[in-house]
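*Asks:* Any chance you can model this:
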Amino acid sequence: MEANQINEKMAKKLTDELKAIEISGPPSLFDMPMCVMHTIVDNLDAIDRLILRYVNRKLRNFVDNKKPIFKNVKVYSVVGGYNLVLGHDKSTIFYDSKGSGCIARCDGRRMRKINKSSLAALFGDLEVWMKNPQLQLDKFSLYAVCDDELTTNLLKKITNVEYMFHAKSIYLSVAKFSNVISILSHFKPGFLEEIVFFCHSGHESIHELFLLEQWKQVKSVFIKWFPFDDFPFEHLVHVSCFELNLPRISVSVAIIIRDVLMKTAQFEYGKIRLYDLNNMDDPPDIEADVVRVFNPNFVDEYVTRPLQFKVEQFLVTIHKRSLRIKKIENPR
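*Replies:* Residues are numbered from 1 along each chain as shown. Modelled structure (predicted):
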């Protein structure tokens, strides 16, 4: 009799334990100590974190509150969709347009099917990181010179973010110069050290760029194409490094470089390449009078060979279609 009672008690206890397991369900990631959760997520790359946040709301909130580990973001359009690079090229997500939706792929493997357009899907993922105030990038790049819709959508997204983005370098390849100004205005002045851009039209409003605090505090500038001869070099006096592609170098520009830029304490390197997008078949050569601004003893009528000479603490190198000035580290 006593043995039966003991067996009944054991059976009831076992039944209760099984019911408790059924009610609570299997153990989840969040049953582990939080330090273990942090360790797991800290060892995931950007793509795996993005996949993890789509599991459930708890994981999404957990991942979104973590500091992003990647330092570079690149967005560009390709045939059939868009690419988003988080960190390095191996962490590239291709949003492949499929009817009214798209398929997100990484490293050739299918990540997920999305019932949105490829552009909407891209910004859905990008927005995750854009809204994270801990995001600090070495470089942000946008290649959209032939895709104004991509630029327009980026501007809509960044306008809705309350704080300024932190990036040391920004590369913009867009159709309109006004887009350069609009996008730059959302990046943190002082933190932004380098500006690189290319655009097809609207360069007449370049003076609006010079009013931006982002421009005033930048250290390095690379303008891929400027269609006019009279670039206002006086607005480069604060930079240590510049590269410009211009259709022509005038004597007055050469004098400003010699008498203004090369006199500033921070200036270290500058390069001008003669390049005219409207006249690529017959690019101009550097004029002999420009050479004589830096070397009065130059007597030739044309630049027929590479020239190199020292001007104070700088080494000046002139080719047929380029002028380079580099500070000598140990001038004697």
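*Asks:* Name whatever forms a beta bridge with the closest residue to Trp225 other than its chain neighbours.
*Replies:* In this structure, Trp225 finds its nearest non-sequential neighbour in Asn245, 5.0 Å apart by CB to CB, 6 or more residues apart in numbering. Any C-beta I mention is one placed from the backbone N, CA and C, and that applies to glycine too. Beta-bridge pairing for Asn245 (DSSP bridges): Arg273.
*Asks:* how many other residues sit next to Asn245?
*Replies:* Number of residues near Asn245 (other CB atoms under 10 Å) recorded here: 19.
*Asks:* now do the one 3 residues further on
*Replies:* Arg248 is flanked by 17 other residues according to other CB under 10 Å.
*Asks:* Please state the backbone phi and psi of it?
*Replies:* According to degrees, to the nearest 10, the main-chain angles of Arg248 amount to phi -170, psi 150.
*Asks:* Ramachandran coordinates for the residue nearest to it when sequence neighbours are not counted?
*Replies:* Take Arg248 and drop its neighbours on the chain: the residue closest to it by CB to CB, 6+ apart is Asp229, 4.6 Å away. When read as degrees, to the nearest 10, the backbone of Asp229 gives phi -70, psi -30.
*Asks:* Got the confidence number for Asp229?
*Replies:* What the model reports for Asp229 is a pLDDT of 80.
*Asks:* Make residue 1 into 19 and carry on from there
*Replies:* Understood, numbering begins at 19; the last thing we discussed is Asp247.
*Asks:* doesn't Leu262 make contact with it?
*Replies:* No - applying CB atoms under 8 Å as the test, Asp247 and Leu262 come out as separate, 11.5 Å apart.
*Asks:* With neighbour numbers in mind, choose between these two.
*Replies:* Leu262 (21 against 13).
*Asks:* Test my guess that that one contacts Ile241.
*Replies:* Yes - between Leu262 and Ile241 there is a contact at 4.9 Å, judged by CB under 8 Å.
*Asks:* State the distance from Ile336 to Val236.
*Replies:* 27 Å (CB to CB, to the nearest Å).
*Asks:* show me the contacts for the nearest residue to Ile176 once chain neighbours are set aside.
*Replies:* Distance criterion CB to CB, 6+ apart; nearest residue to Ile176, sequence neighbours excluded, is His204 at 4.7 Å. By CB atoms under 8 Å, 6 or more residues apart in numbering, the residues touching His204 are 176-177, 179, 182-183.
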